[in-house]
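Undergrad: can't give you the sequence, but here's the structure:
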């Protein structure tokens, strides 16, 4: 009786296909095989990603080391600058910032020691948490000591540097630690997710500063629009690796063309500013390289697509 109530003896399951073919209409199989425009775009982007992965395979093992070095290179350059311009730094802090002489020496010594030691620890992957906290403290104390905290361009650039440091921190949290029973704690994996999200969001603030600084031109508008789309994709984590590579290329070309301090005269008034900007952008490029290596993390569109 169950078989009579069903369609087994009447072959009704194939009737739709045969009727569709009889009357000239498309069958169900033909409808499902037609690719939509969105599927075609996804297919093309997947091919581009596979091509980029193939090209980057030889350098992938070196990306974490290169990224970490570039992130801290601005701190190493700043420590060298303070050491080579010691007298000028003391005069500025005393005469313009009105800091007493003894404190000016202490301020500079602490900054130089913190930047060199913490940068070295990050490069060799030792005590990363303490090293990142030390460099974050340097960013805050220098902003206050040099009176640049209310400078918008300086503020946005340092947010990006902080984003790079957070990427270093999330990269170091790859294993869970033992948590005593009964104590609610965030394990290493969870902390890594949150810091990856915060890091990639902060990384794009350098590009925001680039958009609002300088004179406008057709080339600048095109680069700004293209970079803005890439920044949004990095923030939401959609094709984040692909977008980070685009930002690395844009920032690197911009850095070489605009912040070419090596072409300026030794006593040029803008040489130090161009040099400072050059190494800061290198630090943000380092953070983006860590993003390319690690991926956007679980709080991203790319990761959600794997689940759903």
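TA: Received, thanks. From a predicted model like this one, the values you see are computed outputs, not experimental measurements. Numbers count the residues shown, from 1 in each chain.
Undergrad: pLDDT (mean, whole number) over whatever helix or strand residue 290 lives in?
TA: Using DSSP states H and E, the element containing residue 290 is helix 271-294. If you average the pLDDT over helix 271-294, you get 85.
Undergrad: what angle separates whatever helix or strand residue 157 lives in from helix 271-294?
TA: Under the criterion of DSSP H and E, residue 157 resides in helix 152-172. For helix 152-172 against helix 271-294, the angle by axes from the mean of the first three to the mean of the last three CA atoms, to 10 degrees is 30 degrees.
Undergrad: Which strands and helices lie in contact with the helix holding residue 290?
TA: For helix 271-294, the packing partners by 3 or more CB pairs under 8 Å, 6 or more residues apart in numbering; DSSP states H and E come out as helix 63-84, helix 152-172, helix 188-203, helix 205-212, helix 240-258. C-beta coordinates here come from the backbone N, C-alpha and C atoms, glycine included.
Undergrad: could you give the angle of that helix to helix 240-258?
TA: Using the same axes, to 10 degrees: helix 271-294 against helix 240-258 is 160 degrees.
Undergrad: Helix 271-294 to helix 63-84, inter-axis angle?
TA: 160 degrees.
Undergrad: pLDDT weak spots in the chain?
TA: 1-46, 48-53, 55-57, 174-192, 209-217, 220, 296-308 (pLDDT under 70).
Undergrad: before we move on, the earlier item: CSV please, covering the helices and strands packed on helix 271-294 and showing mean neighbour count and distance to residue 47.
TA: What follows is these, written out as CSV (neighbours: other CB atoms under 10 Å; distance: least, CB to CB, whole Å):
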stretch, mean neighbour count, distance to residue 47
helix 63-84, 19, 22
helix 152-172, 22, 28
helix 188-203, 20, 24
helix 205-212, 20, 27
helix 240-258, 18, 12
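Undergrad: List the buried residues for the helix holding residue 290?
TA: 274-294 (16 or more other CB atoms under 10 Å).
Undergrad: residue contacts, the closest residue to residue 233 other than its chain neighbours?
TA: Taking CB to CB, 6 or more residues apart in numbering, and ignoring the residues beside it in sequence, residue 233 has residue 243 as its nearest neighbour in space, at 3.9 Å. Counting by CB atoms under 8 Å, 6 or more residues apart in numbering, residue 243 touches 230-231, 233-234.
Undergrad: so which of these would you say is closest to residue 253?
TA: Distance to residue 253, by CB to CB, is smallest for residue 230 among these, at 13.5 Å.
Undergrad: Was I right to think the closest one contacts residue 247?
TA: Yes. When contacts are counted by CB atoms under 8 Å, residue 230 is listed as touching residue 247 (5.2 Å).
Undergrad: Which secondary structure state does residue 265 sit in?
TA: Assigned by DSSP: H, G, I helix; E, B strand; the rest coil, the conformation of residue 265 is coil.
Undergrad: I'd like to know how far the residue nearest to residue 233 sits from residue 114.
TA: Relative to residue 114, residue 243 is positioned 33 Å away (CB to CB, to the nearest Å).
Undergrad: now residue 198
TA: Distance, residue 198 to residue 114, using CB to CB: 22 Å.
Undergrad: before we move on, back to that, now for the contacts of residue 243, which pair is the farthest apart?
TA: 231 and 233 (7.3 Å).
Undergrad: surely residue 139 meets residue 157?
TA: No. Using CB under 8 Å, residue 139 makes no contact with residue 157, being 10.2 Å away.
Undergrad: From residue 206, how far out is residue 291?
TA: 13 Å.
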